[in-house]
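[1] Provided below are the primary sequence and the corresponding predicted coordinates.
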Amino acid sequence: MKSHKTTLVSSLLAWLLLTLVCVGFLMGTTGYFIIRASVEASIGRRAERMARSLADRLEEHIWNLDDLRLRDHFEQHPAAAAPDLASVRFLTEFEDLICEVTLGEEAEPILRRCPVMRDGLRIGFVETAYSRKSLADTQSIIVRSAALVILGGAVAIFLVTIWLMRMILKRPLVRLARELRSIAGGDYTRRLPEGEHREIDLINREVNAMGLQIEQRTNQLKDEIRERKEAEQALEALRDRLEVQVTERTLALQRAYEDLDQETRERRQTQNEMLEIAHREQQRIGRDIHDALGQQLAGTSFLLGSLEKRLRDRELPESDLAAEVGGHLREAVSKARQLAYGLAPTGISEEGLIDGLESLAENTKALFHIECDFTCTPNCHVDNGTVAMHLYRIVQEALHNAIGHGKADYIWISLSMDGKHGVLTVRDNGAGLDHCKPSDHGMGMRIMRFRAETIGGGFDMTINEGGGTTITVTFEDTPPEEKE
């Protein structure tokens with residue numbers, strides 16, 4: 001876009017022209033009023049001299065109030081031929097008109113009045129009136145002359161100023177602009193010479209200082225750019241090395257994670273196998289106790305009953321001892337059955353977890369003569385057999401702790417399912433684990449916690465405010481293929 005800004009020289013010339021016009025106007029106006037006042041004063045002095053001359057020559061006729069003589073003598077007076085004289089009036093001492101001679105019409109003449117004296121007394125006045133026409137002509141001439149003088153002077157000053165500006169400002173400014181273009185083009189070593197005038201020299205020094213600062217800053221920026229490039233190259237090399245190290249460490253961590261995962265899987269599989277082995281051994285021992293020892297004790301109890309009956313029929317005193325031994329033997333049979341049920345209870349593989357827990361609650365109620373209830377949410381079902389087996393064993397261990405250590409007489413078992421998320425709760429009103437030795441319940445707690453962690457669930461044990469213990473297990477019912 002083309003710029004419409006004015007140059008410095010043109011601005012200075014415009015301001016100079018405006019200044020000259022204002023100064024000329026002020027000078028012309030002032031001169032006009034001064035000359036007008038001077039001319040008006042000159043005319044006034046003439047009128048006053050004429051009035052005094054007429055008063056001296058026509059004193060006798062003024063005293064006699066002879067208007068005809070006054071008129072005749074005035075017409076013979078040399079001043080009567082003055083072109084700018086408008087009128088002459090002769091007045092008494094009381095300013096009464098004696099005679100008036102009118103030579104022309106004038107709206108606002110220049111009036112001068114001179115007293116007429118006789119023997120030291122004022123006997124009248126002579127009043128002369130001069131026309132302002134000569135004053136207007138003189139003023140017109142003065143105005144034209146002043147305008148021509150001012151215009152000529154202004155033109156001369158204007159031309160001289162243009163020449164001086166061209167000599168003083170334009171050449172240094174053009175050289176300054178040329179040097180600035182060179183500096184802007186990248187040649188920061190250019191320097192302006194010393195100026196002929198203080199102002200131009202000051203500008204040249206400031207421009208040279210600016211060029212020096214730009215040169216120093218440019219060199220500094222070049223050094224910074226070079227250092228930054230070197231730093232970026234070093235950072236790039238370091239980043240490459242770090243990427244290689246991160247890749248190596250990532251691969252090492254991945255291998256370690258795979259080894260750890262494999263070891264964890266193997267360890268969990270080993271633990272599951274150990275639990276399975278312990279479960280089978282427990283089942284076998286329970287069946288052996290139930291089938292072998294239980295049958296043998298039951299047969300012995302039957303034979304001992306027959307022996308007691310025979311001794312009692314013979315009325316022998318040993319019958320009471322046989323009865324006492326039979327009671328202990330029947331109690332041993334009951335203990336053996338409880339032990340066999342604890343080691344090999346009704347399985348959940350045939351009945352399912354819900355039926356298995358219901359049977360477990362019923363058998364606990366029948367065997368140990370305590371209240372044991374089981375509740376579950378509607379449509380509650382656990383599909384994963386491993387999860388169901390571990391939950392069943394956790395409930396078994398919790399019942400064992402509540403009956404054996406807590407001496408509880410009421411146990412409540414609850415199972416709730418929300419989709420695949422489930423919560424198992426076992427609460428009792430016993431003495432709580434705080435009243436038991438750590439050795440009595442430490443292994444059981446560790447086993448329950450381990451079983452909960454094996455199925456990927458959470459385990460929590462809290463002491464109830466009114467007494468007893470609450471065991472909570474959270475789990476997810478995930479299909480076996482997803483669990484793997």
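    Yep, it's here.
[2] can we go C-alpha only for contacts and neighbour counts from here?
    Fine.
[3] wasn't residue 422 part of a strand?
    Yes. Checked against DSSP: H, G, I helix; E, B strand; the rest coil, residue 422 lies within a strand.
[4] correct me, but it touches residue 388?
    No. With contact defined as C-alpha atoms under 8 Å, residue 422 does not reach residue 388; the gap is 11.3 Å.
[5] the two - which one has more neighbours?
    residue 388 (21 against 18; other C-alpha atoms under 10 Å).
[6] what pLDDT does that one get?
    The model reports residue 388 with a pLDDT of 88.
[7] what's the distance between the most centrally placed residue in the chain and residue 202?
    Using C-alpha atoms, centre = their mean, the residue of the chain that lies closest to the mean C-alpha position is residue 228, 30.6 Å off. Using C-alpha to C-alpha, to the nearest Å, residue 228 is found at 38 Å from residue 202.
[8] helix or strand right after the helix or strand hosting residue 201?
    Per DSSP states H and E: residue 201 is located in helix 198-288. Remark: after helix 198-288, the chain's next helix or strand is helix 294-313, criterion DSSP H and E.
[9] tell me the secondary structure at residue 116.
    From three-state DSSP, the assignment for residue 116 is strand.
[10] with adjacent residues omitted, what lies nearest to residue 105?
    In this structure, residue 105 finds its nearest non-sequential neighbour in residue 86, 6.6 Å apart by C-alpha to C-alpha, 6 or more residues apart in numbering.
[11] what lies in contact with the one helix or strand the one you found maps to?
    Using DSSP H and E, the element containing residue 86 is strand 85-92. The contact list for strand 85-92, computed with C-alpha atoms under 8 Å, 6 or more residues apart in numbering, reads 62, 97-106, 109, 123-131.
[12] let's see which of the residues you listed end up in helices.
    Members of these lying in helices (criterion: DSSP state H): residue 62.
[13] mean confidence score for the helix holding residue 201?
    Computed over helix 198-288, the average pLDDT equals 82.
[14] over to stretch 332-346?
    Rounded mean pLDDT across stretch 332-346 is 65.
[15] same question, stretch 466-484
    For stretch 466-484, the per-residue pLDDT averages 77.
[16] could you do stretch 425-443 as well?
    Per-residue scores along stretch 425-443 average to 67.
[17] just the terminal-to-terminal distance for stretch 363-373.
    11 Å.
[18] quick one: contacts of that stretch?
    Contact with stretch 363-373 is made by 338, 361, 362, 408, 409, 410, 411, 412, 413, as judged by C-alpha under 8 Å, 6+ apart.
[19] if you rank these by neighbours, which is first?
    In the contacts of stretch 363-373, the most neighbours by other C-alpha under 10 Å go to residue 411, 25 neighbours.
[20] that residue falls within a helix, correct?
    No. Under three-state DSSP, residue 411 sits outside any helix and is assigned strand.
[21] could I get the contacts of stretch 363-373 in a markdown table, plus columns for distance to residue 322?
    Conversion of the contacts of stretch 363-373 to a markdown table gives the following (distance: C-alpha to C-alpha, whole Å):
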| residue | distance to residue 322 |
| --- | --- |
| 338 | 24 |
| 361 | 36 |
| 362 | 34 |
| 408 | 34 |
| 409 | 33 |
| 410 | 36 |
| 411 | 38 |
| 412 | 41 |
| 413 | 42 |
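[22] closest to residue 249 among those residues?
    The closest of those to residue 249 turns out to be residue 413 (C-alpha to C-alpha; 50.0 Å).
[23] and the strands in the stretch 1-150 of the chain?
    For the stretch 1-150 of the chain, the strands defined by DSSP state E, counting those that start in this stretch occupy 85-92, 97-102, 110-118, 121-130.
[24] which parts of the last one are buried?
    Taking 16 or more other C-alpha atoms under 10 Å as the basis for neighbour counts, the residues of strand 121-130 that come out buried are 123, 124, 125, 126, 127, 128, 129, 130.
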